[in-house]
Every structure is written in structure tokens, then in C-alpha cells.
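Student: what's the 3D shape of this:
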Amino acid sequence: MKRNIILLLEIALLLVILRSSFAQYLLADMQHSLSDWITHIAQMGERQKLSELQERIDPMIANMSEYQRDYIFEITSNRSQLESFERHYCLNDDKNPYVYGNTRIYLCSEIRKLEF
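Tutor: Numbers count the residues shown, from 1 in each chain. The predicted structure is shown next:
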């Protein structure tokens, strides 16, 4: 009987502590950190493939102007920008002020080789 009362008191105390604002803040912070960590791990393969793409296209864009190189590295830095570039400038053949001609054709062929 005494054991059951102590157990109920411990559970009640635990509930009071967990409902406090400090505990809520701490748990939310832990959840955020864990979520960021899981996202980082999940995107590791994607980042590696994008990095390999940047290494492959680096010799081709070495003689381009700085703003063109920055633009290409920006679009190859994440998957959504790369897919948007491919959809607009490779598949739909829109005009791009930064990447055009043989460079665009080469970049589109390298993007097609990627498998996510």
C-alpha cells in the first residue's frame, strides 16, 4: 500500500515537472535539435551527389566570370534549385542570362546523369 502511494506521488510529481514551462522549453529544444540532426543525416547522400556534380563541372566553368560561377554553384547547392533549373532551362529550353550555349548543354547533360 505504501509502495502504491509513493508511486502515485512520483507520477504526480513527474507530471507537474513535465508540464512546467522550463521542461516544455527544454523538450522543444531537444526535439528541434534531434529533428535537425535527422534531416542532416537524411540529406547526406544528396549533398554528396551535389558536391560530386560541382567537382565534375568545375573545370568547364573555370574560365567563366565570377558571377556566372557563383550562379552555377548556387543552383547546384541544393536539389530543389537544381530541379528548377533543369525544368526551366534544360527541358523547356528557356533563355538563361548566366548559362547559355555549350555551357548550358554541358550542364544539362551532367544534371541528367544525376540519380537521386
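Student: Show me which positions of the host helix or strand of E74 end up buried.
Tutor: Assigned by DSSP states H and E, E74 belongs to helix 66-75. Within helix 66-75, the residues that count as buried by 16 or more other Cβ atoms under 10 Å are 68-69, 71-72, 75. Bear in mind the C-beta positions are built from the backbone N, C-alpha and C, glycine included.
Student: next one: phi and psi at the residue nearest to the spatial centre of the chain?
Tutor: In the chain, the residue lying closest to the centroid (Cα atoms, centre = their mean) is Q43, at 5.7 Å. Dihedral angles of Q43 (phi, psi; degrees, to the nearest 10) stand at phi -90, psi 10.
Student: could you measure it against Y71, distance?
Tutor: 22 Å (Cβ to Cβ, to the nearest Å).
Student: Next: I6.
Tutor: The value you get for I6 to Y71, if Cβ to Cβ is used, is 67 Å.
Student: which residues touch stretch 99-107?
Tutor: 57, 60-61, 64, 68, 71-72, 89-90, 96 (Cβ atoms under 8 Å, 6 or more residues apart in numbering).
Student: what's the answer for stretch 27-36, then?
Tutor: For stretch 27-36, using Cβ under 8 Å, 6+ apart, the contacting residues are L18.
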